[in-house]
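[1] Fold the following, please.
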Amino acid sequence: MLLLISPINHDEAIESIEGGADIVDVKNPKEGSLGANFPWVIKDIRELTPRDMLVSATLGDVPYKPGTVSLAAMGALVSGADYIKVGLYGPSNYEEALEVMENVVKTVKDTDPNAIVVASGYADAHRVGAVSPWDIPKVAKDAGADLAMLDTAVKDGHTLFDYLDIDDCKKFTEEAHSYGLKVALAGSVKKDQLKPLYDIGCDVVGVRGAACVGGDRNTGHIDRTAVAELKELVKSFEE
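    Model (predicted):
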């Protein structure tokens, strides 16, 4: 299980790298759960990140505007992102989500077939009117994406597990795996929730708050010691 850590700037990226993150995920919490950062921030972080370490970039909690989102995807790609994550916030159903993702996949893969496209839904989609989390694996498969992901849309202290129990997460993971997709799970995931996610076969776990001093994704800052502890914990599951 790969550990994805989400820095917001140069200094946090260094902490993530030094702590041993598998994926450095550039985001901007000020703009939402999967808030987009600026191209120059992605470029800077790609340049300081070792080439054998993946850099991910979020496109934002995107609207149902396939053209706009496709341009955002191209921006993240040319800025150096290896992973392109799309937060399917505006699309309210399978058809709308598929239209967005098909166009993002075409945009990205036509330019770099090796880039990884992530369709991300929200476990608490009902709170914001977004596409159901249960549609995400099929959206990802039908669009030609590489990963199906779940996060939480509203960052108010609730975690992924407040909306889905471990059996639900397992069902989501198994469906995505049956389509040949990888699975990423996030949503204010706590340290003691990593092992259950590992046990159900989750491929990537996304963390910010648990890697921050004080444990707060907004007011805290990522610390290499916290990242290293998370990384060692994940590694211990494999022994």
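
[2] When you work out contacts or count neighbours from here on, use the C-alpha atoms and nothing else.
    Will do.

[3] Tell me where the chain is predicted with low confidence.
    The chain contains residues with pLDDT under 70 at 214-219.

[4] what do you get if the cut-off is 90, keeping everything else the same?
    Scanning the chain for pLDDT under 90 picks out 29, 155-157, 188, 209-210, 213-220, 238-239.

[5] mind checking which helix or strand V55 is in?
    Using DSSP states H and E, V55 sits within strand 54-62.

[6] what's in contact with stretch 123-134?
    For stretch 123-134, contacts defined as C-alpha atoms under 8 Å, 6 or more residues apart in numbering pick out 88-94, 97, 121-122, 150-154, 160, 163-164, 172.

[7] hey, which helix is longest across the protein?
    Counting by DSSP state H, the longest helix found in the chain is helix 94-111.

[8] quick one, that one and strand 54-62 angle?
    Relative orientation of helix 94-111 and strand 54-62, computed by axes from the mean of the first three to the mean of the last three C-alpha atoms, to 10 degrees: 140 degrees.

[9] before we move on, back to that, outside of the strand holding V55 itself, list whatever touches it.
    Strand 54-62 is contacted from outside by 22-27, 31-37, 42, 45-46, 49, 69, 72-73, 76, 80-90, using C-alpha under 8 Å, 6+ apart.

[10] Sitting in helices, which of those residues do you find?
    42, 45-46, 69, 72-73, 76.

[11] tell me which of those is nearest to L181?
    A73 (19.8 Å; C-alpha to C-alpha).

[12] and that closest one, how many residues sit next to it?
    By other C-alpha atoms under 10 Å, the residues close to A73 number 26.

[13] do A36 as well
    26.

[14] Ok, A81 next?
    When neighbours are counted by other C-alpha under 10 Å, A81 registers 27.

[15] how close does it get to D168?
    30 Å (C-alpha to C-alpha, to the nearest Å).

[16] all strands for the chain, in order.
    2-5, 23-26, 54-62, 83-88, 116-122, 147-151, 182-185, 204-207 (DSSP state E).

[17] of all those, which lies closest to I222?
    Evaluated with C-alpha to C-alpha, the strands of the chain place strand 2-5 nearest to I222, the distance being 8.6 Å.

[18] So what touches that closest one?
    Counting by C-alpha under 8 Å, 6+ apart, residues outside strand 2-5 touching it are 16, 21-25, 203-208, 211, 227, 231, 234.

[19] Neighbouring strands of it in the sheet, and parallel or not?
    Neighbouring strands of strand 2-5 in its sheet, by DSSP bridges, are strand 23-26 (parallel), strand 204-207 (parallel).

[20] Among the ones you listed, show me which one is buried the most.
    When you average the neighbours per residue for each of the strands paired with strand 2-5 (mean count of other C-alpha atoms under 10 Å), strand 23-26 leads with a mean of 28.
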